[in-house]
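**Student:** Coordinates for the following, if possible.
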Amino acid sequence: MMKSMKMIGSLSCCMWLVMAMVTSAQDNAPVLDTSGQALQSGVDYFIKPAITDIGGRFTLIDRNDSCPLYVGQKNTSGSEDFPVTFAPFVEGETVVREGRDQKITFSAVTTCVQSTTWKVGEKQSETQRRLIVTGIDQNEGIAGPAGNYFRINKDADIDGVYSLQWCPTELCPTCRFICGDVGALLENGKRLLALDGSALPVVFERA
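**Tutor:** This next block holds a predicted model:
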C-alpha cells in the first residue's frame with residue numbers, strides 16, 4: 001500500500017512538472033514576423049538584419065571550398081539566400097516563442113550530404129569566436145544535442161526586432177553553458193555568423 005502511494009505521488013509530481021513546463025512555454029510571447037504575425041514552426045522564413053547596411057539575408061556559406069557549410073549573410077540581398085524553418089524544443093508547440101529553445105534549419109538542398117540545421121561549431125582562429133556551422137550535434141551527452149538549439153530574444157526597444165542566442169537552458173536547466181549572442185564576423189570578404197560578440201539585430205520575413 002505504501003509503495004503504491006509513493007508511486008502515485010511520483011507520477012503526480014512528474015505530471016505537474018510537465019504541465020508547468022507547457023504552461024511556462026505558453027507564457028512566452030510569440031515571435032512576430034515583419035507583417036506582425038506569429039512565427040509558426042515548419043514554415044519558411046527569411047532572416048535578415050534589421051539594419052539594411054550590414055549585410056543581406058542569412059544564407060549558407062562555403063567557407064573552405066569544402067563541407068560542411070557555414071551560416072552567414074549575403075553581402076547583398078539576392079536570389080541565393082535561403083529561408084529557414086524553426087522546430088521548437090517543446091514537443092507539439094506550433095508557435096515560435098521568445099526565449100525558447102529552437103532548432104533552426106535552412107530549407108535547402110546542398111552538395112554536402114548532411115543536415116542544414118544550425119550548430120555551434122569550432123572557434124575562428126584569429127578572434128576565438130565560435131562559428132555557426134551546419135550539421136547535427138553528435139556530442140549528445142546527458143543534455144542531448146545542445147549545439148543545435150538556439151533561442152530568439154526580443155529587442156528591448158524596438159517592436160518586431162530580435163536577436164539570436166545560443167543558450168539551451170530549456171533543454172538542460174541544470175547545465176552551465178557558456179552562452180553567446182549571434183553576430184556577424186567578416187573573414188576573407190565573407191560574412192559569417194559567430195557567437196561571443198555583439199548581437200546582430202534581425203527581423204523575420206515570411207518566404
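**Student:** In what element of secondary structure is the residue minimising distance to the centre of the chain found?
**Tutor:** Residue closest to the mean C-alpha point of the chain, counted by C-alpha atoms, centre = their mean, is residue 150 at 2.8 Å. Here residue 150, judged by DSSP states H and E, is contained in strand 149-154.
**Student:** That strand: how far from the chain's middle?
**Tutor:** Here strand 149-154 is found 6 Å from its chain centre; the criterion is C-alpha atoms, centre = their mean, to the nearest Å.
**Student:** What of stretch 200-207?
**Tutor:** Distance of stretch 200-207 from its chain centroid, counting by C-alpha atoms, centre = their mean, is 13 Å.
**Student:** check contacts around residue 85.
**Tutor:** When contacts are counted by C-beta atoms under 8 Å, 6 or more residues apart in numbering, residue 85 touches 41-45, 104-105, 107. Using the backbone N, CA and C atoms, a C-beta is placed for each residue, glycine as well.
**Student:** Now list the buried members of those residues.
**Tutor:** Among the contacts of residue 85, the ones that count as buried by 16 or more other C-beta atoms under 10 Å are 41, 43, 45, 104-105.
**Student:** quick revisit: which member of the contacts of residue 85 is positioned nearest residue 181?
**Tutor:** Closest approach between the contacts of residue 85 and residue 181, by C-beta to C-beta: residue 104, at 14.7 Å.
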